[in-house]
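Enquirer: Mind folding the following:
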Amino acid sequence: MFGLERMRALHAVATHGTVAAAASALHVTPSGVSQQLAKLEREAGQRLLEPHGRSVRLTTAGHVLARHAERILTQVEQARTELELLREDVTGTVRVGAIPTTLHALLPPALGLLRDRHPGLVVELAEGEAEQTLPRLVAGGLDVAVLDSWEHRPAVVPRTTSRTTLLHDVADLVLPASHRLAHRKVVDLAEVDDLPWIGWSAGSGCLDWLAHVLRHHGADNRITCTVGNYPTQLALVAGNVGAAVVPRLGRDSVPDGVRVLATRPALNRTICAVTRAEDDDRGATRACVDALVAAADRFRQLV
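Expert: Residues are numbered from 1 along each chain as shown. A predicted model of the protein is given here:
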(Lines give C-alpha, C1' and ligand atoms only; values in the text may rest on other atoms or scores of the structure.)
Protein backbone atom coordinates (compact mmCIF):
# COMPACT_ATOMS: atom_id res chain seq x y z
CA MET A 1 0.00 0.00 0.00
CA PHE A 2 2.70 2.49 1.01
CA GLY A 3 5.80 2.67 -1.15
CA LEU A 4 9.11 2.31 0.68
CA GLU A 5 10.63 5.44 -0.88
CA ARG A 6 7.58 7.45 0.12
CA MET A 7 7.88 6.22 3.70
CA ARG A 8 11.58 7.10 3.59
CA ALA A 9 10.69 10.65 2.49
CA LEU A 10 8.20 11.07 5.35
CA HIS A 11 10.68 9.72 7.88
CA ALA A 12 13.32 12.15 6.61
CA VAL A 13 10.97 15.14 6.99
CA ALA A 14 10.00 13.99 10.50
CA THR A 15 13.67 13.61 11.41
CA HIS A 16 15.12 16.74 9.80
CA GLY A 17 12.19 19.13 10.13
CA THR A 18 11.92 20.54 6.60
CA VAL A 19 11.50 19.28 3.07
CA ALA A 20 14.77 20.93 2.05
CA ALA A 21 16.72 19.28 4.89
CA ALA A 22 15.08 15.93 4.13
CA ALA A 23 16.03 16.27 0.46
CA SER A 24 19.62 17.02 1.41
CA ALA A 25 19.78 13.97 3.69
CA LEU A 26 18.33 11.73 0.97
CA HIS A 27 20.51 13.27 -1.77
CA VAL A 28 17.49 14.17 -3.92
CA THR A 29 15.80 17.41 -4.88
CA PRO A 30 13.15 19.07 -2.67
CA SER A 31 10.62 18.69 -5.48
CA GLY A 32 11.35 14.96 -5.52
CA VAL A 33 10.59 14.71 -1.79
CA SER A 34 7.40 16.76 -2.25
CA GLN A 35 6.25 14.46 -5.03
CA GLN A 36 6.84 11.36 -2.87
CA LEU A 37 4.91 12.93 0.02
CA ALA A 38 2.02 13.91 -2.24
CA LYS A 39 1.76 10.32 -3.48
CA LEU A 40 1.92 9.05 0.11
CA GLU A 41 -0.92 11.34 1.13
CA ARG A 42 -3.04 9.95 -1.69
CA GLU A 43 -2.22 6.40 -0.58
CA ALA A 44 -3.02 7.24 3.04
CA GLY A 45 -6.19 9.14 2.20
CA GLN A 46 -5.27 11.79 4.78
CA ARG A 47 -3.17 14.92 4.97
CA LEU A 48 0.22 14.16 6.42
CA LEU A 49 1.71 17.69 6.30
CA GLU A 50 0.32 21.14 6.94
CA PRO A 51 1.80 24.64 6.45
CA HIS A 52 3.65 26.07 9.42
CA GLY A 53 5.03 29.52 8.73
CA ARG A 54 7.42 29.19 5.80
CA SER A 55 7.82 25.49 6.44
CA VAL A 56 5.59 22.48 7.10
CA ARG A 57 4.85 20.25 10.03
CA LEU A 58 3.38 16.79 10.39
CA THR A 59 -0.30 16.37 11.12
CA THR A 60 -1.49 13.82 13.67
CA ALA A 61 -1.84 11.29 10.85
CA GLY A 62 1.63 12.26 9.67
CA HIS A 63 3.14 11.55 13.09
CA VAL A 64 1.40 8.18 13.27
CA LEU A 65 2.64 7.13 9.84
CA ALA A 66 6.13 8.50 10.53
CA ARG A 67 6.45 6.25 13.59
CA HIS A 68 5.51 3.24 11.48
CA ALA A 69 7.92 4.40 8.79
CA GLU A 70 10.78 4.41 11.30
CA ARG A 71 10.05 0.84 12.36
CA ILE A 72 9.65 -0.35 8.78
CA LEU A 73 12.91 1.24 7.64
CA THR A 74 14.73 -0.25 10.64
CA GLN A 75 13.41 -3.72 9.79
CA VAL A 76 14.39 -3.33 6.16
CA GLU A 77 17.91 -2.33 7.18
CA GLN A 78 18.14 -5.30 9.55
CA ALA A 79 16.99 -7.63 6.79
CA ARG A 80 19.60 -6.19 4.44
CA THR A 81 22.34 -6.64 7.04
CA GLU A 82 21.34 -10.24 7.72
CA LEU A 83 21.31 -11.05 4.01
CA GLU A 84 24.74 -9.47 3.64
CA LEU A 85 26.01 -11.65 6.48
CA LEU A 86 24.82 -14.73 4.62
CA ARG A 87 26.85 -13.63 1.59
CA GLU A 88 29.90 -12.56 3.50
CA ASP A 89 32.72 -14.88 4.42
CA VAL A 90 32.83 -13.80 8.07
CA THR A 91 36.25 -14.68 9.39
CA GLY A 92 38.56 -13.67 12.20
CA THR A 93 37.92 -14.13 15.91
CA VAL A 94 34.98 -13.27 18.13
CA ARG A 95 35.56 -13.34 21.91
CA VAL A 96 32.58 -14.21 24.12
CA GLY A 97 32.19 -14.06 27.89
CA ALA A 98 29.09 -15.72 29.37
CA ILE A 99 27.50 -16.35 32.74
CA PRO A 100 27.60 -20.00 33.87
CA THR A 101 23.87 -20.71 33.47
CA THR A 102 24.03 -19.95 29.75
CA LEU A 103 27.16 -22.00 29.08
CA HIS A 104 25.33 -25.31 29.20
CA ALA A 105 21.88 -24.40 27.84
CA LEU A 106 22.41 -21.59 25.35
CA LEU A 107 26.02 -21.24 24.22
CA PRO A 108 26.53 -24.74 22.74
CA PRO A 109 23.63 -24.48 20.24
CA ALA A 110 24.48 -20.84 19.52
CA LEU A 111 28.11 -21.59 18.76
CA GLY A 112 27.06 -24.64 16.73
CA LEU A 113 24.86 -22.40 14.58
CA LEU A 114 27.70 -19.91 14.25
CA ARG A 115 30.10 -22.60 13.07
CA ASP A 116 27.60 -23.88 10.49
CA ARG A 117 26.95 -20.38 9.15
CA HIS A 118 30.52 -19.07 9.28
CA PRO A 119 33.05 -21.92 9.46
CA GLY A 120 35.94 -19.49 9.03
CA LEU A 121 35.10 -17.66 12.26
CA VAL A 122 37.05 -18.61 15.39
CA VAL A 123 35.19 -18.33 18.71
CA GLU A 124 36.96 -17.84 22.03
CA LEU A 125 34.64 -18.53 24.97
CA ALA A 126 35.20 -17.76 28.65
CA GLU A 127 32.98 -18.11 31.69
CA GLY A 128 32.37 -15.02 33.77
CA GLU A 129 29.79 -13.03 35.71
CA ALA A 130 28.72 -9.57 34.53
CA GLU A 131 31.06 -7.86 36.99
CA GLN A 132 33.94 -9.62 35.22
CA THR A 133 32.84 -9.57 31.59
CA LEU A 134 31.50 -6.02 31.26
CA PRO A 135 34.82 -4.32 32.15
CA ARG A 136 36.60 -6.64 29.71
CA LEU A 137 34.04 -5.83 27.01
CA VAL A 138 34.44 -2.07 27.44
CA ALA A 139 38.24 -2.42 27.47
CA GLY A 140 38.17 -4.37 24.20
CA GLY A 141 39.08 -7.76 25.66
CA LEU A 142 35.69 -9.26 24.72
CA ASP A 143 33.36 -8.72 21.78
CA VAL A 144 30.16 -10.12 23.31
CA ALA A 145 29.11 -10.50 26.96
CA VAL A 146 26.16 -12.76 27.75
CA LEU A 147 24.76 -11.76 31.14
CA ASP A 148 21.60 -11.61 33.20
CA SER A 149 19.61 -8.70 34.56
CA TRP A 150 17.37 -9.45 37.54
CA GLU A 151 14.10 -7.65 38.03
CA HIS A 152 15.05 -6.69 41.60
CA ARG A 153 18.69 -5.93 40.76
CA PRO A 154 19.02 -4.90 37.08
CA ALA A 155 22.40 -4.99 35.40
CA VAL A 156 23.93 -1.59 34.76
CA VAL A 157 25.49 -1.54 31.31
CA PRO A 158 27.73 1.30 30.11
CA ARG A 159 26.30 3.84 27.68
CA THR A 160 28.92 2.83 25.11
CA THR A 161 27.32 -0.60 24.76
CA SER A 162 24.27 -2.08 23.04
CA ARG A 163 22.05 -4.72 24.62
CA THR A 164 20.05 -7.42 22.82
CA THR A 165 17.44 -9.37 24.79
CA LEU A 166 17.79 -13.11 24.25
CA LEU A 167 15.17 -14.60 26.57
CA HIS A 168 13.40 -14.28 29.91
CA ASP A 169 13.98 -16.70 32.76
CA VAL A 170 12.49 -17.41 36.20
CA ALA A 171 14.20 -18.60 39.37
CA ASP A 172 12.37 -21.13 41.56
CA LEU A 173 12.69 -22.08 45.20
CA VAL A 174 14.18 -25.54 45.81
CA LEU A 175 13.60 -27.31 49.13
CA PRO A 176 14.37 -30.73 50.59
CA ALA A 177 11.49 -33.08 49.83
CA SER A 178 11.01 -33.64 53.57
CA HIS A 179 10.52 -29.93 54.31
CA ARG A 180 7.18 -28.84 55.77
CA LEU A 181 6.52 -26.56 52.73
CA ALA A 182 7.57 -29.06 50.05
CA HIS A 183 3.98 -30.05 49.26
CA ARG A 184 3.09 -26.48 48.24
CA LYS A 185 3.10 -25.10 44.68
CA VAL A 186 3.86 -21.48 45.59
CA VAL A 187 5.77 -20.17 48.61
CA ASP A 188 6.71 -16.77 49.97
CA LEU A 189 10.44 -16.71 50.68
CA ALA A 190 9.76 -15.32 54.17
CA GLU A 191 8.01 -18.60 55.02
CA VAL A 192 11.32 -20.45 54.77
CA ASP A 193 12.46 -19.54 58.28
CA ASP A 194 13.91 -22.84 59.44
CA LEU A 195 16.66 -23.47 56.88
CA PRO A 196 19.84 -21.59 55.92
CA TRP A 197 20.39 -20.64 52.29
CA ILE A 198 22.76 -21.91 49.63
CA GLY A 199 24.05 -19.23 47.27
CA TRP A 200 26.51 -18.66 44.44
CA SER A 201 30.24 -18.18 45.00
CA ALA A 202 31.40 -15.54 47.47
CA GLY A 203 31.99 -12.13 45.92
CA SER A 204 29.69 -12.78 42.95
CA GLY A 205 26.81 -10.63 41.76
CA CYS A 206 24.53 -13.68 42.06
CA LEU A 207 25.28 -13.95 45.77
CA ASP A 208 24.65 -10.23 46.24
CA TRP A 209 21.37 -10.63 44.37
CA LEU A 210 20.22 -13.50 46.62
CA ALA A 211 21.05 -11.53 49.78
CA HIS A 212 19.16 -8.53 48.38
CA VAL A 213 16.10 -10.61 47.47
CA LEU A 214 15.98 -12.30 50.88
CA ARG A 215 16.17 -8.95 52.66
CA HIS A 216 13.59 -7.44 50.32
CA HIS A 217 11.09 -10.22 51.06
CA GLY A 218 11.71 -10.26 54.78
CA ALA A 219 13.28 -13.71 54.72
CA ASP A 220 16.00 -15.07 56.97
CA ASN A 221 19.16 -14.25 55.00
CA ARG A 222 21.59 -16.70 56.59
CA ILE A 223 23.67 -17.93 53.65
CA THR A 224 25.88 -20.72 54.95
CA CYS A 225 27.03 -22.35 51.70
CA THR A 226 28.40 -20.59 48.61
CA VAL A 227 28.82 -22.81 45.57
CA GLY A 228 29.31 -21.66 41.97
CA ASN A 229 27.48 -24.62 40.49
CA TYR A 230 23.73 -25.24 40.43
CA PRO A 231 23.88 -29.07 40.23
CA THR A 232 25.97 -29.02 43.42
CA GLN A 233 23.53 -26.62 45.05
CA LEU A 234 20.70 -29.03 44.22
CA ALA A 235 22.69 -31.93 45.68
CA LEU A 236 23.16 -29.96 48.90
CA VAL A 237 19.43 -29.26 49.05
CA ALA A 238 18.78 -32.99 48.58
CA GLY A 239 21.08 -33.56 51.55
CA ASN A 240 18.90 -31.27 53.69
CA VAL A 241 21.75 -28.75 54.01
CA GLY A 242 19.61 -25.74 53.12
CA ALA A 243 17.30 -24.07 50.61
CA ALA A 244 18.30 -22.47 47.31
CA VAL A 245 16.93 -20.34 44.50
CA VAL A 246 17.76 -21.80 41.09
CA PRO A 247 17.01 -20.31 37.63
CA ARG A 248 15.20 -22.64 35.25
CA LEU A 249 17.86 -22.07 32.59
CA GLY A 250 20.46 -23.48 34.99
CA ARG A 251 18.45 -26.54 35.98
CA ASP A 252 18.84 -29.64 33.82
CA SER A 253 17.40 -32.21 36.16
CA VAL A 254 16.19 -32.36 39.75
CA PRO A 255 17.71 -35.04 41.98
CA ASP A 256 15.66 -37.27 44.24
CA GLY A 257 14.91 -35.63 47.54
CA VAL A 258 14.37 -32.14 46.06
CA ARG A 259 11.15 -30.25 45.39
CA VAL A 260 10.86 -27.22 43.11
CA LEU A 261 8.32 -24.53 44.00
CA ALA A 262 7.34 -21.21 42.44
CA THR A 263 7.89 -18.08 44.54
CA ARG A 264 5.44 -15.33 45.33
CA PRO A 265 6.19 -12.91 43.75
CA ALA A 266 8.05 -14.49 40.84
CA LEU A 267 11.80 -13.91 40.58
CA ASN A 268 12.38 -12.86 36.97
CA ARG A 269 15.51 -12.16 35.01
CA THR A 270 16.42 -11.28 31.43
CA ILE A 271 19.31 -12.88 29.56
CA CYS A 272 21.06 -10.35 27.31
CA ALA A 273 23.91 -10.15 24.83
CA VAL A 274 25.90 -6.94 25.28
CA THR A 275 28.29 -5.56 22.68
CA ARG A 276 30.22 -2.34 22.17
CA ALA A 277 27.96 0.03 20.24
CA GLU A 278 30.78 0.82 17.83
CA ASP A 279 30.97 -2.89 16.88
CA ASP A 280 27.27 -3.42 16.14
CA ASP A 281 27.89 -3.52 12.39
CA ARG A 282 31.06 -5.61 12.60
CA GLY A 283 30.39 -8.86 10.78
CA ALA A 284 31.78 -11.24 13.41
CA THR A 285 30.02 -9.52 16.31
CA ARG A 286 26.71 -9.28 14.50
CA ALA A 287 26.94 -12.90 13.38
CA CYS A 288 27.54 -14.01 16.97
CA VAL A 289 24.59 -12.04 18.35
CA ASP A 290 22.33 -13.35 15.57
CA ALA A 291 23.33 -16.92 16.44
CA LEU A 292 22.58 -16.29 20.12
CA VAL A 293 19.14 -14.90 19.22
CA ALA A 294 18.40 -17.93 17.02
CA ALA A 295 19.52 -20.34 19.76
CA ALA A 296 17.36 -18.53 22.32
CA ASP A 297 14.36 -18.82 19.99
CA ARG A 298 14.91 -22.57 19.67
CA PHE A 299 15.35 -22.90 23.43
CA ARG A 300 12.00 -21.20 24.08
CA GLN A 301 10.29 -23.64 21.72
CA LEU A 302 11.69 -26.59 23.67
CA VAL A 303 10.75 -25.50 27.19
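
Enquirer: residue ranges for the strands of the stretch 151-300 of the chain, please.
Expert: For the stretch 151-300 of the chain, the strands defined by DSSP state E, counting those that start in this stretch cover 161-176, 186-187, 197-199, 223-226, 243-247, 258-263, 267-276.

Enquirer: Nearest to Leu142, out of those strands?
Expert: strand 267-276 (9.0 Å; C-beta to C-beta). No exception for glycine: its C-beta is placed from N, CA and C like everyone else's.

Enquirer: What helices and strands are in contact with that closest one?
Expert: helix 130-139, strand 144-150, strand 161-176, helix 283-302 (3 or more C-beta pairs under 8 Å, 6 or more residues apart in numbering; DSSP states H and E).

Enquirer: circling back: in CSV, list the strands of the stretch 151-300 of the chain along with mean pLDDT.
Expert: Shown next, in CSV, are the strands of the stretch 151-300 of the chain (pLDDT from 0 to 100):
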stretch, mean pLDDT
strand 161-176, 95
strand 186-187, 96
strand 197-199, 96
strand 223-226, 95
strand 243-247, 96
strand 258-263, 97
strand 267-276, 95
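
Enquirer: circling back to that earlier point, quick one, which of the helices and strands packed on strand 267-276 gets closest to Thr232.
Expert: So among the helices and strands packed on strand 267-276, strand 161-176 is nearest, using C-beta to C-beta, at 12.3 Å.

Enquirer: What residues of that closest one count as buried?
Expert: By 16 or more other C-beta atoms under 10 Å, the buried positions in strand 161-176 come out as 161-164, 166-167, 169, 171-176.

Enquirer: so how far is that strand from its chain's centroid?
Expert: 10 Å (C-alpha atoms, centre = their mean, to the nearest Å).

Enquirer: list the buried ones in stretch 111-128?
Expert: Quick answer for stretch 111-128 (16+ other C-beta under 10 Å): Leu111, Leu113, Leu114, His118, Leu121, Val123, Gly128.

Enquirer: just stretch 50-66 next, same as before
Expert: Buried-residue list, stretch 50-66, by 16+ other C-beta under 10 Å: Val56, Leu58, Gly62, Leu65, Ala66.

Enquirer: Looking at these, which are in strands?
Expert: Here DSSP state E is the test, and the buried residues of stretch 50-66 give Val56, Leu58 as lying in strands.

Enquirer: Phe2: which of the buried residues of stretch 111-128 is nearest?
Expert: Leu113 (34.6 Å).

Enquirer: ok, now which ones touch the closest one?
Expert: The contact partners of Leu113, taken as C-beta atoms under 8 Å, 6 or more residues apart in numbering, are Ala291, Ala294, Ala295.

Enquirer: any idea how far the second one lies from Leu125?
Expert: When C-beta to C-beta, to the nearest Å is the yardstick, Ala294 and Leu125 sit 17 Å from each other.

Enquirer: swap in the last one?
Expert: Summarising the geometry, the distance separating Ala295 from Leu125, computed by C-beta to C-beta, is 13 Å.

Enquirer: intersection of neighbour lists for these two?
Expert: Leu107.

Enquirer: Make sure Thr165 is actually in contact with Arg269.
Expert: No. Thr165 is beyond contact range of Arg269, at 11.2 Å (criterion: C-beta atoms under 8 Å).

Enquirer: Identify the residue spatially nearest to Arg298, adjacent ones excluded.
Expert: Residue nearest to Arg298 in three dimensions, not counting chain neighbours: Pro109, with 6.3 Å by C-beta to C-beta, 6 or more residues apart in numbering.

Enquirer: give the contact list for the one you found.
Expert: So Pro109 contacts Ala295, Arg298, Phe299 (C-beta under 8 Å, 6+ apart).

Enquirer: ok, now Leu26?
Expert: Arg8, Ala9, Ala12, Val33.

Enquirer: Can you add secondary structure and neighbour count and give those residues back as JSON lines?
Expert: As requested, the contacts of Leu26 are exported to JSON lines (DSSP: H, G, I helix; E, B strand; the rest coil; neighbours: other C-beta atoms under 10 Å):
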{"residue": "Arg8", "secondary structure": "helix", "neighbour count": "19"}
{"residue": "Ala9", "secondary structure": "helix", "neighbour count": "26"}
{"residue": "Ala12", "secondary structure": "helix", "neighbour count": "25"}
{"residue": "Val33", "secondary structure": "helix", "neighbour count": "26"}
